[in-house]
Every structure is written in structure tokens, then in C-alpha cells.
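> Quick one: sequence plus predicted model below, questions after.
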Amino acid sequence: MTDKIFSFIKKYNMIVKGDTVICGLSGGADSISLLVVLKEISRKIEFTVKALHVNHCLRGEESDRDEKFCRELCGKMNIPFTAVSCDVNAFVQKHGLSTEESARKLRYRIFAENSAGAKIATAHNANDNLETVIFNLTRGTALKGISGIPPVRDNIIRPLLVASRQEIEDYLKKNGQDYVTDSTNLSDDYTRNRIRHQILPLLAGINPSLIETSVNSIDAIRSENSLIEELTEKALTLCRNGNKLNGLNQFHEVIRKRCIARILSENQFSYSHERLLKIDKIITGGGKVNISGDTFFVSDGNSAELKKIIPLKQPGLISVELKTGDNSIFSDKILSCEILSCEDLRKINSVHKKLTFYLMDYDKIIGRVLLRNRRFGDRIQLKGRNFTSSVKKLINEKIPAEERDTLHFLEDAEGTVFAENLGIAQRVAPDEHTVKFMKISVRQK
């Protein structure tokens, strides 16, 4: 087992000559075997081994027993030892987290506070890694989540990820090395323990070499994920300026989503599969997605940005005469109007199907055209329908609440002829006799 762990350490360049490596020592089989292996390998690489024990104070005398065992073992092995106590129950009460999660957060906080200039070695093994993958799968995850526990992250290293729990116990037995058992690990009170004691044995019934197979599978997934991360870094280097992304639509969907997730995460926003899908859709097609409160992801189809949009306080009714060119009645959008002639109606209709703009028969419009915001009681007979609909009902069905106050409407002397994101009125729809068109398009500023 030592040779396999030594090769794993070399593969990921976990430890180099002159390093100080602090072993997170709980007293259980995993951490004790890690300490013994590190001590043995330190003679080859020439680094210093120390030990750090975190007493979570959750099991009374048993917790104190574990600390005493670790202290005495380090004394026998001539390894510098530090013990730090923490109050997990108080942390649970203060932050409302589970006991398991609270203990983990406190443990890593203590690791960070006691490892300046050194590396922390934790005793996660191959079984832990597979349990993590299964745990992530049950909650929903992507490739990154099934890449398992990273061998190296910041100053934390995990040399035992290639060793199964059985190999570890056999190693300790062969070397006549005792360890302590945490009684909470024997129950099914925690989710990971249920996976450990119920799910893994069932899977091992299908494949007795489950753990060994998982080491190779997770290693392959980790390599593929590393490639995607590398490509993501390159994309961000080329496209990113703060929270703005220019030209991200040139990249593959997988890379785009990783870039979006990175920006959301760095700005302390959570993301789900559905949220990433929505944002990715506007990266290539334009639009905006509400993230939280007044924060949106906004895109024009080429440039995308995470930014705050302060809702425009409407001064009541807005109404101006439509002019050719750009029109602006809202702070974040522009409505453009063009009058054009086109002999090839089929070509125009083909473009129209892409929903990049709206076409109306200019000669069917009666009187002057007004550009305005919503009105109470607005109704429209949309193109292709033989009935009139309530605009309010249509908006409630199709348009997100945060977009409703800045919708453009056009009306002529007979009533509404255009409602943004809903369509044009049937009475101004182009037909085979149309010779002049009014082209309307809306874009973000």
C-alpha cells in the first residue's frame, strides 16, 4: 500500500523535499494509517511530519479518549502533536446547520488556522471518494460533482484516495498498529453512513471489485473534468472583463455553462441546472434572466453581463410619436423602426421566423403611430387569431414579472398594433399584397 500511495503523491506532486506536512489525526484507522505512511515516506522525500487533532467535543469521554490516544501515539513516533477543541453544538445552534456539516466547517477552519506555510494531509480514502460521488449524484450534479474529492486543493492533500478501507485496515493489522473507533460511524444516523453501510454493500454484490474499479473510473472522470476546467480558464481569459463576457457564444455549451457558473459562484450566487440553461439560452439569443432581486444576467447575443438593474420608476403613462430609427422610452432598451420595401416576401418571412424582428404592413396602419407603455384594459387580436385577447392575461402567461413594466406597445388610430414579446395585430399583418413594411426590433442598451 505504501508504494501505491507514494506513486499517487508523486503523480500529483503533493509533497516535495523540505515541506512540512500536518496530518489531520482523528485516531481512526484512516488517519492513523496516513500518519504511519507519511512517516515512512518522509524518509524518501525528506519532509517534516506533524499531527493536528480536532476534538469536536461531541462524544464526551470517548472524544477525550481519542485525543489521548493520538497524543500518546505521536509521542511514541516522535511526531510533534497539537490538539484543538471546538464546540460543534454551539455552532449548530448559531448557524442552523447539521451536526455533520458544522463539524466539517469547524475542522477545516482549525486546519487553516494551524497550517500557515505547511500542507494539511487528510485521510480521505477510495471508499470516501465513491461515497461522495454517490452522495452528489443523489442530490443532482454534473461532471464536476462526480469527479470526487480532489487529490490537491490549495494546501490540502489527500494521499489515501487510491487506498480502500479494507487495504488500510489490512495494513494496520500487518503492522500491529492499533486505532480507535468513532461510535457515530457505526450508526446510520448520517446520510454518508447510510451510503456506507447500505448502498455500497449492495453495489459490491454486483461487482466485488467495486472500490478498485471506482478508483480508475473517478480518475478518468477527474482527468476529463480537468480538461474542461482548462478550456474554461482559456475561455474566461479571452472573454472575461470583470462580470462581463464578450464573445462567449463562440464556445461550446459545456464551456459556456462553466463560465457562467464561475461568475455566479464568485458573486455568491447559487446556480442550478435550470438556471444555467436559462442563462446559456440568452448568451446566444439575447435577453435577461433575473438572478436575485435587482441582479440580472443580461445579454445582447454577443456580450453578456451580470449586473444590477434598478427598476425604472414609471412616471405614469408614457406616450410618444414613433419615429424611424431608434426610439427610447425606457432606461434599458431601445425600439428601432424601419420602413422598407421588399419584392421577395418569402425571404422576409424566412427571416421573420427567427423572431429577430417584427414586420407589419405599413399601408394597413391608420393615422400616426404612438409608442407607449402598458395601459390598463389593453387588448389585441394577435396575428393568426380570430379573437381579441386581454393583454394582461397574455403577459401573465408568457412574460416574467420583472420584464412587464418595460414592454413596448404601438398603437395607431384604430388601437394596438404591436405588443413587445407578444406580437403584431392581425389587421396589420403582411400578406401577398404587401409592398411596404414597417420593421420593428427591440434590443438591450
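Ah, there it is. Numbering: from 1, shown residues only.
> residues touching Leu38, list them.
Contact analysis of Leu38 by C-beta atoms under 8 Å, 6 or more residues apart in numbering lists 21, 23, 49, 121, 159. To be clear about C-beta, it is placed using only N, CA and C from the backbone, and glycine gets the same treatment.
> got it, and Leu137?
145-146.
> where along the stretch 101-250 of the chain do the helices fall?
Under the criterion DSSP state H, counting those that start in this stretch, helices of the stretch 101-250 of the chain are mapped to 126-139, 165-174, 191-194, 200-206, 210-239.
> Dump the contacts of Leu38 to CSV, plus neighbour count, pLDDT and distance to Phe251.
Output for the contacts of Leu38, formatted as CSV (neighbours: other C-beta atoms under 10 Å; pLDDT from 0 to 100; distance: C-beta to C-beta, whole Å):
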residue, neighbour count, pLDDT, distance to Phe251
Val21, 25, 97, 39
Cys23, 28, 97, 42
Val49, 25, 97, 45
Ala121, 30, 97, 37
Pro159, 27, 97, 36
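> Serialize those to CSV and add fields for distance to Lys39.
As requested, the contacts of Leu38 are exported to CSV (distance: C-beta to C-beta, whole Å):
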residue, distance to Lys39
Val21, 10
Cys23, 9
Val49, 5
Ala121, 11
Pro159, 12
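> okay, now Glu113: neighbour count?
Glu113 has 10 neighbouring residues, counting by other C-beta atoms under 10 Å.
> Pull the contacting residues for Lys94.
Contact analysis of Lys94 by C-beta under 8 Å, 6+ apart lists nothing.
> and it, helix, strand or coil?
Going by DSSP: H, G, I helix; E, B strand; the rest coil, the secondary structure assigned to Lys94 is helix.
> Now tell me which helix or strand of this structure has the poorest mean pLDDT.
Among the helices and strands of the chain, helix 345-352 carries the lowest confidence by mean pLDDT, DSSP states H and E, at a mean of 54.
> Pull the number of nearby residues for Ile218.
20.
> measure the closest residue to it other than its chain neighbours to Lys392 for me?
Counting by C-beta to C-beta, 6 or more residues apart in numbering, Gly148 is the residue found nearest to Ile218 once chain neighbours are left out, at 4.4 Å. The gap separating Gly148 from Lys392 is 51 Å, by C-beta to C-beta, to the nearest Å.
> between the two, who's got more neighbours?
Gly148 (26 against 15).
> Check what pLDDT the more buried one gets.
Predicted confidence (pLDDT) for Gly148: 92.
> is it true that it touches Asn225?
No. The criterion here is C-beta atoms under 8 Å, and Gly148 misses it with Asn225 at 9.5 Å.
> Identify the residues contacting stretch 124-136?
The contact list for stretch 124-136 (C-beta under 8 Å, 6+ apart) reads 30, 145-146, 148-149, 158, 160-165, 168, 191-192, 195-196, 199-200, 210-212, 214-215, 218.
> low pLDDT regions in the stretch 51-200 of the chain?
183-190 (pLDDT under 70).
> where along it do the strands fall?
81-85, 119-121, 152-153, 156-157 (DSSP state E, counting those that start in this stretch).
> circling back: quick check: the residue nearest to Ile218 vs Ile221, distance?
7 Å.
> thinking again about what came up before, and the contacts of Leu38, which is closest to Ala401?
Ala121 (51.0 Å; C-beta to C-beta).
> hmm, back to that, determine which stretch of the helices of the stretch 101-250 of the chain is the most buried.
helix 126-139 (a mean of 19; mean count of other C-beta atoms under 10 Å).
> distance between that helix and the chain's centre?
How far helix 126-139 lies from its chain's middle: 18 Å, per C-alpha atoms, centre = their mean, to the nearest Å.
> Please settle this for me: is Arg443 part of a helix?
No. Arg443 is assigned strand when assessed by three-state DSSP, not a helix.
> Roughly how far does it sit from Ser303?
Distance, Arg443 to Ser303, by C-beta to C-beta: 11 Å.
> Comparing those two, which shows the higher neighbour count?
More crowded of Arg443 and Ser303, by other C-beta under 10 Å: Ser303, with 18 against 14.
> So Phe81 sits against Glu67, correct?
No. With contact defined as C-beta under 8 Å, Phe81 does not reach Glu67; the gap is 9.7 Å.
> Between those two, which contacts overlap?
Between them, Phe81 and Glu67 share the contacting residues His53, judged by C-beta under 8 Å, 6+ apart.
> Give me the more crowded residue out of these two.
The neighbour count for Phe81 versus Glu67, taken as other C-beta under 10 Å, is higher for Glu67 (21 against 18).
> I figured the more buried one hits Asn55, correct?
Yes. Glu67 sits in contact with Asn55 when judged by C-beta under 8 Å, with a separation of 5.0 Å.
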